[in-house]
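structure for the following, please:
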Amino acid sequence: MVEKTFNRKLLVLGTGALIIGALFLYNRPQPLSNLKEIGESQQQTQIQEMKQDQSAQPKPEITPESHPIDLSAASERDQKLIQELDQIILSKNDNDPRIDKDFKGMSQALHRLLEEKYNSYPLEKRAERGMIAFLLARDMSTVQDVDFINQVFSESPCLSLEDCSAPPTSSDPHHTATDQMSLNYPQMAALYQFEKKIQDQDFLSKSGMKDHVNQALDQAMKSSVPLIVKKAEQARKKIR
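You can find the predicted model right below:
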């Protein structure tokens, strides 16, 4: 028994030696005269692979930090709220409790910063612009606030989430309603809050407010998007 085990070990060792020898012969060092040529060839291959990898990588997503607004003159509280909004937008959490807790009764200075921030986003950033339009429409208190919402209503319709100026190359008819809401999210988010706000008689009774509200609704009703027009008409009926 011991002899058989010993012979089996010799057989394994012998086979291993043959394999190692074969690998050495197959992978034997190249002649020195070829090393430079091989090194240059490998270097060129690596460069090409790096270029291909870079071109294949997606473009970095635009974030609030990539197009910041000037906060140097803002109060410490307003700066904190802008940073907080950045966190909420990046998290894509529309149910973040801070939306209702911290962004009501905002200062007019913060309103102006949010308007600037809204305009800093590319048109294709519908969710980001929609969030800010929602906050500002919900917190309207002055004619200037209403005039900004009027600006939102006056924007040209977004034709595609990839490029607002060009229609999509293909679309799924089963997702038409959802797509329309997404494409017009800033306007629809503002309209829903606008409709609630104009039912407040104290708000409407402010000097010149009703005229500016009507001008904003007139602008929304000029839209080529039926969804926006219908909601604007519903809101108009709520004015007393």
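
I figured Met221 hits Glu233, correct?
Yes. Judged on Cβ atoms under 8 Å, Met221 makes contact with Glu233 at a distance of 6.5 Å. C-beta here means a position set from N, CA and C on the backbone, and glycine is covered the same way.

higher neighbour count, those two?
Higher neighbour count among Met221 and Glu233: Met221, with 16 against 12, using other Cβ atoms under 10 Å.

look at that one and report its pLDDT.
Among the per-residue scores, Met221 shows a pLDDT of 97.

try Lys238
The confidence metric pLDDT takes the value 89 at Lys238.

tell me which element it falls in.
Lys238 belongs to no helix or strand when assigned by DSSP states H and E.

that one - nearest residue in space that isn't next to it in sequence?
With Cβ to Cβ, 6 or more residues apart in numbering as the criterion, Lys238 has its nearest non-adjacent residue at 5.1 Å, and that residue is Gln199.

assign a three-state SS to the one you found, would you?
coil (DSSP: H, G, I helix; E, B strand; the rest coil).

next one: Ile82
helix.

count the residues that sit near it.
Neighbour number of Ile82 under other Cβ under 10 Å is 19.

over to Thr169?
The burial count for Thr169: 7, using other Cβ under 10 Å.

wait, the residue nearest to Lys238 touches Arg236, no?
No. When contacts are counted by Cβ under 8 Å, Gln199 is not listed as touching Arg236 (11.8 Å).

out of those two, which sits in the busier spot?
Using other Cβ under 10 Å, the more surrounded residue of Gln199 and Arg236 is Arg236, with 16 against 12.

residues in contact with the more buried one?
For Arg236, the contacting residues are 214, 217, 221, by Cβ atoms under 8 Å, 6 or more residues apart in numbering.

could you do Pro157 as well?
Contacts of Pro157 by Cβ under 8 Å, 6+ apart are 183-184, 223-225.
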